[in-house]
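Q: Sequence and predicted model, in that order:
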Amino acid sequence: MEVKRELTPEIGDGDGPKGNREGVPDSEFPSVRTTVKTEEDNTIASITSPAKKKRKPLGPGSVLSRSLQERGIRGPASHPSTIPTLPNTTTDTSPVPDHLAHHLRVLFIGFNPGVQSARRRCHYGNPGNHFWKCVVGSGLTGGVGVTCDDDKLCPRLYGLGFTNIISRSSPSVATLQKSEYSAGVPPIVAKLVTHRPRVVCFVGVKVFEAFWEGVQGACRETEADGSAINRRPLPASRKFQLGLQPKSIHYAPRRRPTPVDGPAERDTDSKDETTIKEEEETLLFVMPSTSGRVVHYTRADKLAFFVRLREVADRAVRAGGAA
């Protein structure tokens, strides 16, 4: 037995705005016809049943619409364009500004801003991201509650800075290209040379891998300008453990004029007695991404990395003097 269902064409389709059937009699609504064909006698029987009525939209001729018009109120069906469109003042590609300072306790380097971070113009702005909860829970802010809206205050109040290896926003890091990672390394190196943080924390393994691959070439370029990171090679193998890395960044000696009034520690090895030499280093710390999409590490696992990071930063500050 063969069963065939057919829907008769709608009457009134295209009449009025958006196919409004205002004024079409109920009998003209579409119906469903079921055709049954039997194999024994090859006869065909048709059963026609009315289709379920759809609720009619409010039209200019309805009782409610006429009542509204008598009271001077225009209904939405007769004036569909009366709702104003507000201008969009922000875009998903808006860059999130860096928040940096000299000798930060920790400089966090992330992938790139997510869509919500770009809209709010703050770092780690997605409510599902564990970053700020871990920052507070680890004691990096001394127990003071902070959110992404406070990121601009963190360099001055807590010695925490923020930047990204890629500046453009995207819904997911999966859309980022390898060329973008490579292009982001020299600007990161320049920021390190300028600000010389005690610790750099790479928030995401791939961020550190991109830095690892590109840093030696970037260092050669900046050293030609006279102020760059010393080429102390990183381990040849790309395999590494999360947490504090065995190699640190040692900067080329930076010379600055000796103050005219007041004592200064002079560089006795240099013939130029008007300069002093500063030797500094930056420790490297790697942790998994704090995104809520990263399920390989629980929030408690991520918090443990932040606690270790605080301990490393505290030791670095004590060893290098107050920031």
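A: Sure thing, it's come through. Numbering: from 1, shown residues only.
Q: where exactly do the strands run in the protein?
A: Using DSSP state E, the strands of the chain run over residues 2-7, 31-37, 44-50, 106-110, 160-164, 199-203, 243-244, 249-250, 254-257, 275-278, 281-287.
Q: Any stretches of the stretch 1-150 of the chain with poor pLDDT?
A: When residues are selected by pLDDT under 70, those of the stretch 1-150 of the chain lie in 1-94.
Q: Then the stretch 151-300 of the chain?
A: Within the stretch 151-300 of the chain, the stretches with pLDDT under 70 are 216-239, 254-279.
Q: and with 80 instead?
A: In the predicted model, the stretch 151-300 of the chain carries pLDDT under 80 at residues 216-240, 252-279.
Q: Contacts for stretch 123-142, please.
A: 96, 99, 105-106, 108, 110, 113-114, 116-119, 143-148, 151, 154, 157-158, 160, 162, 164, 203, 290-293, 299, 302-303, 305-307, 309-310, 313 (Cβ atoms under 8 Å, 6 or more residues apart in numbering). To be clear about C-beta, it is placed using only N, CA and C from the backbone, and glycine gets the same treatment.
Q: buried subset of those residues?
A: Applying 16 or more other Cβ atoms under 10 Å to the contacts of stretch 123-142, the neighbour count classes 96, 99, 105-106, 108, 110, 113-114, 116-119, 146, 148, 151, 154, 158, 160, 162, 164, 203, 290-291, 302-303, 305-306, 309-310, 313 as buried.
Q: Take the residues you listed and keep only those in helices.
A: Applying DSSP state H to the buried ones among the contacts of stretch 123-142, the entries found in helices are 116-119, 154, 158, 302-303, 305-306, 309-310, 313.
Q: just the residues you listed now: which is nearest residue 209?
A: Nearest to residue 209 among those is residue 305, at 16.9 Å by Cβ to Cβ.
Q: what's the distance between that closest one and residue 146?
A: According to Cβ to Cβ, to the nearest Å, residue 305 stands 18 Å off from residue 146.
Q: before we move on, what about residue 207?
A: Distance from residue 207 to residue 146, counting by Cβ to Cβ: 22 Å.
Q: Please apply the same query to residue 319.
A: When residue 319 is compared with residue 146 (using Cβ to Cβ), they lie 26 Å apart.
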